[in-house]
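Asks: Need a 3D model of the sequence below.
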Amino acid sequence: MKISTVTLEMSLKPFRDPSPDGIDKVLKTLFEQWRPLYKDADSISILLWASDGSEILEYSGNLDDKFEWAKYIGCANPRWPEPDPNDPEGISIHRNPQPYIKNPPEFTYRWLKNLISKIKSYGKKVSGKPINLIATFDPGPEFAKSDFKYKRHNEICMANSMGARSFVCCYATMNADSKSYAGFPKGIPQGISLGTYLGRQSQRFMEDMGFDAIWLSNGFGFGLETWAYRGALFDGYKFTPEKAPETREKVLNFWRDFTKECKFPVQTRGSNFPSGTDLSSDAVPIREIYKKFKPQPPPNSPWAALNGDFGIEIGGWMSHIADLPDKSYIYRFYTHDPWFRNSPWLDRYNRESHDIYLPLAVSRIDENGKTTNPDRLSLLTVDNSYGEMPDQVPNEVIPHLLEAITHAPDAPSPVVWVYPFDEYHDMVAEGVRLDEMFFGDWFICGAINQGLPINTVISTTIFMKAIKKKPELFRESILVAPAAAISEKCADAIANFAKNGGRVILYGPVANACEGIRNLLNLKVDSPLEGEFKIKAEGVQDTFRTGTMPEVFVHNAIVSGGGIEIVLSKKDDSGTKIIAEASQGNQSRVIALSRSEKGWNGGRISWLRGTVSGTASSGGHLLKPMDPGKNFYTEILPRIMLHDFGYDISYSKYSWGGRDPITMIARHSNGFYFSGFVPDITAGMKLRMPQGIPLFTGTETIIENGRSSYNMPKSWHKECRIFIEQDEDGRVACAENTAEYHGLKRRIKLSGLKNATVRFYHEPGTEKKVQMLLDPVAPFLIGKFQKFEITDDSNGRHLDLKNITGELMISW
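Replies: Here you go, the predicted model:
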């Protein structure tokens, strides 16, 4: 994985002393602190949070004008109309912003222009790399006081994300204004589009200041309500698909108008939600934005640091990178917050690294079948809310980032999301089946939160190209795709994959699926049911100390793609295995099954209907989760269904309703790299894979019933190159040993083996160097060297030994 650009985001708060000497002091700290991260990059970008974008909106062209800048702690423009009962005096930072220091400095545009010039020259001098400066535009009320947004031109604030008329909407139109602006010296004409106004102002502002690109923040450019799952097409109660074509065109018109006026590169933050939500609630034409206007695509959302929903972060990001404007995409990590008195690395994450290793286990597959990684990395931000830049944060964060980059995926993960990027966009263009695409992405995000290790994505269009070029590309992976959203051609390709030894899980309603998929799954459509159901599920291996597993779940049709409508077509089919059924009164529906036939060469295809375990309403940013102690979350079923493909990932928790650990499995250099987040570290984990029982390097485990058991810390990242098959229970250790001898790279020592088959996933090209020594004795030069078998099958390329008891040293 090669990082081409490191972006260091910062506010103006560190520049308490705005003199040339004061600026030099800040820049010296900045470039020294982050040198280990950017030293191998091609370039450095500084993304400057000077204000909230109002410095662009207000810019008159006079460099000696002062501008309002982001000098506050708290929401600079509170928009909440009613008192908060939990803050009756209105003193919280969301209602009562305070300057970050007494008497903060005032800045002019001329000072800002000089600062940008200084950053470029100083940065180039000390780093030897080109330095780019990125301007920012934020649609919200948080960062700096804005008369433009909230007094003179509140008509552009059409969204209610943080109170009434609090967020600027990209497709707003403007009222007339006689004030002189840089791009409009005679004032703003009535009815002009915000895209035209902001584009022209941005062009003049960035030309004059010396910026090289602009960052559109917090979902700006991606619809009306970018902080909530609702939008122009979904009010929380009903979808209005008839509005989709018109709304879609409004968003495109913004991009047409903006890019006509502004010729600088555009970088985007995107919304906090997956593409299916952006499309179904706001008709956001991400595909057309990517293809026609080629912005930098959105990074992973920082919201998981705030709400702990890593499913939305990871699933959302994968949906945004399934297709791309070009080959480049960006990963972003939340180190400090310069506005709201928190530093996520130190407090929200508590110095835990899960939001580094989990998203950096994500990869995408391109049309040539190549696994690609983010080539850009951004840090939000290098300074805290007081403008301080403590050494502790880069000193602790950089090693984790570098390790995750070193272990970046270079092959598809064990579970791959085949994402209907084009199909979803075609549906929105036609104004149909919005509820299906809303459900599909929310369900996968929920499955990630329930422990499904899905972290490689490929669009359906690219999948069909890639699998033609590399038919064996996914032989070690399980493909996961929505049953009805994929095109008929893609459905045929996936069916052929399963029939020729491949492994597939389909999800979602099938009423709109092609007939071939329904026949393949042995399903037919009956009348749809919704509401509360009793559930009967096979294969649930999770254990818990208190309470009982819920026997009911609630299917809310509006957020779950309609009612539950599926029954078996042929009840006596010997190739069909029912995994879960739902019953309501005297009616029952199949909600999960698995199928395989003799002629499929071991191939298997599974399907589950899926339910989103949350409720929608007119308020809130996220769906309101149902009580997991009382409701069976069907989002757990994808993980449970991995069993039929040879995977067992089960958790032991204090109670059924406790949060599940999140696990990702990436492939690198023929090894397996597990990354995890354990919300409650009282939870344990048991693992088995088709390759055997996984042994993490540097750990000990208890083998019980053919599975290894681990109790992992809050965040963890472990290499696994060794799997064993062992019938007898016991303790097994897998320890890194010293290499010692010249020409030897590594040694791993296993102990506690009992008549085990050992599978070693060696680094490519090292087969001739590998030695396996039974009962090793120092200096490991003589003894019982074992002859291993080189195997290349559906579980990958590995070196095998059989009937091993005691200790085994593997060297290469």
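
Asks: Number of residues surrounding the closest residue to Arg332 other than its chain neighbours?
Replies: Sequence neighbours aside, Pro299 is the residue nearest to Arg332 in space, at 3.8 Å (criterion: Cβ to Cβ, 6 or more residues apart in numbering). C-beta coordinates here come from the backbone N, C-alpha and C atoms, glycine included. Other residues near Pro299 number 26, with proximity taken as other Cβ atoms under 10 Å.

Asks: residue contacts, Pro299?
Replies: Arg269, Gly270, Trp317, Tyr329, Ile330, Tyr331, Arg332, Pro374, Ser378 (Cβ atoms under 8 Å, 6 or more residues apart in numbering).

Asks: Test my guess that the second one contacts Ser217.
Replies: No. With contacts defined as Cβ atoms under 8 Å, Gly270 does not count as touching Ser217, sitting 9.7 Å away.

Asks: Compare the two (neighbour count), which wins?
Replies: More neighbours sit around Gly270 than around the other of Gly270 and Ser217, counting by other Cβ under 10 Å; the figures are 26 against 23.

Asks: OK, contacts around the more buried one?
Replies: Counting by Cβ under 8 Å, 6+ apart, Gly270 makes contact with Gly219, Phe222, Thr226, Asp278, Pro297, Pro298, Pro299, Ser301, His320.

Asks: and the gap between it and Leu48?
Replies: Counting by Cβ to Cβ, to the nearest Å, the gap from Gly270 to Leu48 is 20 Å.

Asks: what secondary structure does the residue most central in space within the chain sit in?
Replies: If you average the C-alpha coordinates of the chain and look for the closest C-alpha using Cα atoms, centre = their mean, you land on Ile314, 2.0 Å from that point. Assigned by DSSP: H, G, I helix; E, B strand; the rest coil, the conformation of Ile314 is helix.

Asks: what do you get for Phe443?
Replies: Using three-state DSSP as the criterion, the local structure at Phe443 reads helix.

Asks: quick one: contacts for it?
Replies: With contacts defined as Cβ under 8 Å, 6+ apart, the neighbours of Phe443 are Tyr507, Gly508, Ser560, Gly610, Thr611, Val612, Glu635.

Asks: neighbours of the fifth one, just the number please.
Replies: Other residues near Thr611 come to 30 when the count uses other Cβ under 10 Å.

Asks: Equivalent analysis for the fourth one, please.
Replies: Gly610: 28 surrounding residues under other Cβ under 10 Å.

Asks: Please report how far Ile517 lies from Leu479.
Replies: Ile517 sits 13 Å away from Leu479 when distances are taken as Cβ to Cβ.

Asks: What strand or helix carries Ala182?
Replies: When secondary structure is defined by DSSP states H and E, Ala182 falls outside every helix and strand.

Asks: Lys179 versus His153, what's the distance?
Replies: His153 sits 10 Å away from Lys179, taking Cβ to Cβ as the criterion.

Asks: who's more crowded, those two?
Replies: In this comparison of His153 against Lys179, neighbours counted by other Cβ under 10 Å, the higher total goes to His153 at 20 against 13.

Asks: residues in contact with the residue nearest to that one when sequence neighbours are not counted?
Replies: The shortest distance from His153 to any residue other than its chain neighbours is 6.1 Å, reached at Met174 (Cβ to Cβ, 6+ apart). Applying Cβ under 8 Å, 6+ apart to Met174 gives the contacts His153, Glu155, Ile156, Ile188, Gln190, Gly191, Ile192, Ser193, Leu194, Tyr197.

Asks: Quick one: buried ones out of those residues?
Replies: In terms of neighbour count (16 or more other Cβ atoms under 10 Å), the buried residues within these are His153, Ile156, Ile188, Ile192, Ser193, Leu194, Tyr197.

Asks: could these go into TSV alongside secondary structure, pLDDT and distance to Phe788?
Replies: Converted to TSV, these look like this (DSSP: H, G, I helix; E, B strand; the rest coil; pLDDT from 0 to 100; distance: Cβ to Cβ, whole Å):
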residue	secondary structure	pLDDT	distance to Phe788
His153	coil	99	72
Ile156	helix	98	68
Ile188	strand	99	75
Ile192	coil	99	73
Ser193	strand	99	68
Leu194	helix	99	66
Tyr197	helix	99	69
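
Asks: quick check, nearest of these to Arg110?
Replies: Within the buried ones among the contacts of Met174, proximity to Arg110 (Cβ to Cβ) peaks at Tyr197, which comes in at 23.6 Å.
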